[in-house]
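Undergrad: Return a 3D structure for these sequence lines:
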Amino acid sequence: MVLSTADGLLAQAAPPPTGVKAAMKGSRNVALIIIYQLLDGIAFSLWNATVQQQLIYTLSDPGSANKNVGYWAGISGVVQMLVAFVGGYLADKAIKRELVCRVGVVNAAIAISLTAAGTSLRSLPLFYAAAVFWGGYGGLSNSAVEALFADSVASGNRASIYTLKWIIQILSYLGGYVASIILFTRFGNDWSLTSMTYVMYSGLGVHIFAILSLLLPSDEFAIPKLTVASAVTTKVSTKSFAHRAVAENFTFAAHESDTDSDDDAGDKVPSGFHSTASTDKAAPAVLHGTTINKSFSDANSVNRSFVSSRKYRDLKHSFRPVAEALSAGVTNTTFSGARSSTKHGWAVPWLIATGDLTSALGAGMTVRYLQLFFVNDYGTSPVAWAIISTITCVTTAVCAQLVKWFAGVLKTRVVVLVIVRLTAAALMMVLAEAQGSAAGFYPMATCYIARMALSNSMLGMSRSVIMDFVPKEHRARWSAAESIGSFSWSGSALIGGVIADHDGYRATFVITAVLQGAASIVLVPAAVIERTVRNHLIALGLVTGD
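TA: Numbering: from 1, shown residues only. Predicted structure coming up:
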C-alpha cells in the first residue's frame with residue numbers, strides 16, 4: 001500500500017443520501033421485491049385470508065371444524081420452519097439468494113396446483129398436501145427475499161424503506177379484499193361452496209403472476225458490501241458527523257475484501273483497506289455510498305494500528321452499523337465508551353425475536369379464528385367481512401406511519417414497539433371480556449380493527465431494527481429465524497382450534513392477550529440498550545440529540 005500526502009485539508013462533505021428515493025435508486029431489487037410482495041399479498045388476501053379457513057371449516061364435521069383449520073395451518077408452519085433454516089443457511093453460505101427464491105417458486109407452483117385440485121374436488125387431504133408446499137414456499141422465499149432486500153438497502157436507511165415496504169404489503173391485502181367484495185357480489189354474498197370456489201380460483205390465478213415476478217430479483221443488483229466508514233484516524237474536534245469524517249489526516253477506501261480475515265493480528269492495515277490518495281490531488285473516500293472529496297496534510301499521524309486491532313474488530317462485530325458510524329471519529333481515547341455502549345448490541349435482535357416469538361404464540365391461537373368468530377357468533381357475510389378487512393388494511397397503513405412518526409418524536413424504535421404491543425394486548429382482552437351492549441357487532445368490529453391495525457403496523461419497524469443490528473452475512477439466517485415465529489403461530493393455531501371447539505373462541509382471546517403482554521416486557525432490555533447506544537453516539541457528535 002502506498003501512502004501519499006497533500007498540503008491542504010478540505011473539511012467539506014455531503015451527507016449520505018437517505019430516504020425512500022435513495023433506496024430505490026440504490027438497487028433495482030428494492031422495487032422488484034416490493035412489486036413481488038404486492039402481488040403476493042393480493043393473492044394471499046384473496047384466497048387464503050378470505051376464503052381458505054372458511055372452506056375447510058365448511059367441509060369438516062362440526063365437532064372438529066376448528067381443529068381441522070388448525071391442522072392446515074400447523075402443517076404449513078412446521079414445514080416452513082424446517083425449510084427456512086436450510087434455505088437461510090444456503091442463502092448465506094452456499095448458493096446465491098436468487099436461486100433459493102427460484103426453488104421457492106417451484107414449491108409455490110406445486111402448491112397452487114394442489115390447492116386448485118382440492119378446491120375442485122372438495123378434498124381436505126389435498127389441502128393438507130398443498131400446505132406442505134406452501135410451507136416450503138414460505139420458508140425458502142421469505143428468508144432469501146428479506147435477506148436480498150436488506151442487502152439492497154444501505155445501513156442507516158432502512159427505517160423509511162421498510163416502513164414503506166410494509167405499508168405496500170398491507171395495502172396489497174386491501175386489493176385482495178376489494179376484489180373479494182366484487183366477486184362475492186357477483187357470485188353470491190354467502191359462504192356457499194360455489195361462491196368460495198370462484199374466489200379461490202381467482203386468488204390462485206393472481207398467485208401465478210406473483211411467483212413469476214419472484215424470478216426477477218438478483219444478487220447482482222445488491223449493494224456492494226461495505227466495511228466501516230471511510231476514515232479511521234486521530235480525533236478531530238468538529239461539530240458534525242460529515243465534517244468529522246473528512247477532517248482527518250488520512251483515509252482508506254471502505255470496500256471490504258472478501259478475503260479479509262477478522263482474526264488477523266498485528267499492526268498492519270488490513271488488505272481490504274486501500275489508499276485512495278494521490279499526491280497534491282483530492283482523494284475520494286466512500287462513506288455509506290457517498291463520495292467525499294478531501295486532501296491530506298500529514299500521513300505520519302495516521303492511527304493505522306487501531307484499524308487492525310482486536311478492539312476495533314470486537315466493535316465491528318458487536319454492533320456493525322454503530323461501528324461503521326463510530327469509525328469515522330473513534331480513536332483509542334474514545335473507544336472505551338463506545339465499546340461499553342455497544343457490547344450488548346448483539347442481544348437486541350435476540351430480544352426482539354424472542355418478543356416476536358412470544359407474540360406469535362398468542363396470535364396463532366386467534367388469528368385463524370377471528371373470521372370464524374364473527375361469522376359464527378354474529379352471522380357476518382362475506383362482503384361485510386371483506387369491508388371490515390378493507391378498513392383494517394387502511395387503518396394499519398395509517399398506524400404504520402403514525403408509529404414511524406412516534407418513533408421519530410421519541411428518538412427510539414424499541415420503546416414504541418413496547419407501547420404499541422401493550423395496547424394491542426389490552427384490546428384483545430376487551431374482545432375476550434366484553435359483555436352486554438359492548439359485545440355488540442359494531443363495538444367488537446371496531447375493537448378488532450384497532451387491535452389488528454396496531455399489531456400489524458409495527459412489523460416493518462421490528463424487522464428494520466433486527467437488520468440494523470446484524471451483519472450482512474447473517475441476515476438470511478435471521479430472516480429464516482422468523483419462521484420459528486411462523487411455526488409457533490401455526491402450531492398454536494392447532495392448540496387454539498382445540499380450545500375453540502371445547503371452550504369457545506373467547507377463551508383463546510384471553511390467552512393471546514396474556515402472551516402478547518409478556519412479549520412487550522421482553523423488549524424492555526432492548527429499549528435500554530438502544531437508548532444507551534444512542535446517548536453515546538450523541539456524546540461523540542455522530543448523531544444529534546434533536
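
Undergrad: ok, Leu90 - contacts?
TA: Residues in contact with Leu90, defined by C-beta atoms under 8 Å, 6 or more residues apart in numbering, are Val100. All C-beta spots, glycine's among them, are computed from the backbone N, C-alpha and C.

Undergrad: So it versus Val153, what's the distance?
TA: Applying C-beta to C-beta, to the nearest Å, the value for Leu90 to Val153 is 22 Å.

Undergrad: Work out for me the element Ile34 sits within.
TA: Here Ile34 sits within helix 28-43, counting by DSSP states H and E.

Undergrad: which other residues reach that helix?
TA: Under C-beta under 8 Å, 6+ apart, the answer for helix 28-43 is 23-24, 145, 148-149, 151-153, 161, 164-165, 168-173, 175-176, 179, 203-204, 206-207, 209-211, 213-214, 216-218, 221-222.

Undergrad: mind checking the backbone torsions on Asp61?
TA: In terms of degrees, to the nearest 10, the main-chain angles of Asp61 are phi -70, psi 150.

Undergrad: no no, Ala439
TA: Torsion angles, degrees, to the nearest 10, at Ala439: phi -90, psi 10.

Undergrad: State the distance from it to Ser520.
TA: 26 Å.

Undergrad: quick one: which of those two has more around it?
TA: Legend: neighbour count by other C-beta atoms under 10 Å for Ala439 and Ser520, higher for Ser520 (20 against 16).

Undergrad: Return the distance of Leu410 relative to Glu530.
TA: 11 Å.

Undergrad: Could you check which of those two is surrounded by more residues?
TA: Glu530 (21 against 13).

Undergrad: Which residue ranges of the stretch 1-150 of the chain form helices?
TA: Counting by DSSP state H, counting those that start in this stretch, the stretch 1-150 of the chain has helices at residues 20-26, 28-43, 53-59, 65-89, 97-121, 124-151.

Undergrad: With mean neighbour count, distance to Leu351 and mean pLDDT as extra columns, can I get those helices in TSV?
TA: Output for the helices of the stretch 1-150 of the chain, formatted as TSV (neighbours: other C-beta atoms under 10 Å; distance: least, C-beta to C-beta, whole Å; pLDDT from 0 to 100):
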stretch	mean neighbour count	distance to Leu351	mean pLDDT
helix 20-26	16	26	75
helix 28-43	21	26	92
helix 53-59	20	32	94
helix 65-89	24	20	83
helix 97-121	20	26	94
helix 124-151	24	19	90
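
Undergrad: Nearest to Asp501, out of those helices?
TA: helix 65-89 (4.8 Å; C-beta to C-beta).

Undergrad: Trp191 and Gln54 touch, don't they?
TA: Yes. The criterion here is C-beta atoms under 8 Å, and Trp191 meets it with Gln54 at 5.6 Å.

Undergrad: got any residues that touch both of these two?
TA: Common neighbours of Trp191 and Gln54 (C-beta under 8 Å, 6+ apart) are Val375.

Undergrad: next helix or strand past the one helix or strand His502 maps to?
TA: Assigning secondary structure by DSSP H and E places His502 in helix 475-503. Using DSSP H and E, the helix or strand that follows helix 475-503 in sequence is helix 505-522.

Undergrad: Could you write out the alpha-carbon coordinates of the helix or strand following that following helix in CSV?
TA: For helix 505-522, the following helix or strand on the C-terminal side (DSSP H and E) is helix 524-540. Extracted as CSV, the C-alpha positions of helix 524-540 are listed here (Å, rounded to 0.1, in the frame of the first residue of the first chain):
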residue,chain,number,x,y,z
VAL,A,524,-37.7,-3.6,27.7
PRO,A,525,-34.0,-4.6,27.9
ALA,A,526,-33.6,-4.0,24.2
ALA,A,527,-35.0,-0.5,24.6
VAL,A,528,-32.4,0.2,27.3
ILE,A,529,-29.6,-0.9,25.1
GLU,A,530,-30.9,1.1,22.2
ARG,A,531,-31.0,4.2,24.3
THR,A,532,-27.5,3.6,25.7
VAL,A,533,-26.1,3.3,22.2
ARG,A,534,-27.8,6.5,21.1
ASN,A,535,-26.7,8.5,24.1
HIS,A,536,-23.1,7.6,23.4
LEU,A,537,-23.4,8.5,19.7
ILE,A,538,-24.8,11.9,20.7
ALA,A,539,-21.8,12.3,23.1
LEU,A,540,-19.4,11.6,20.2
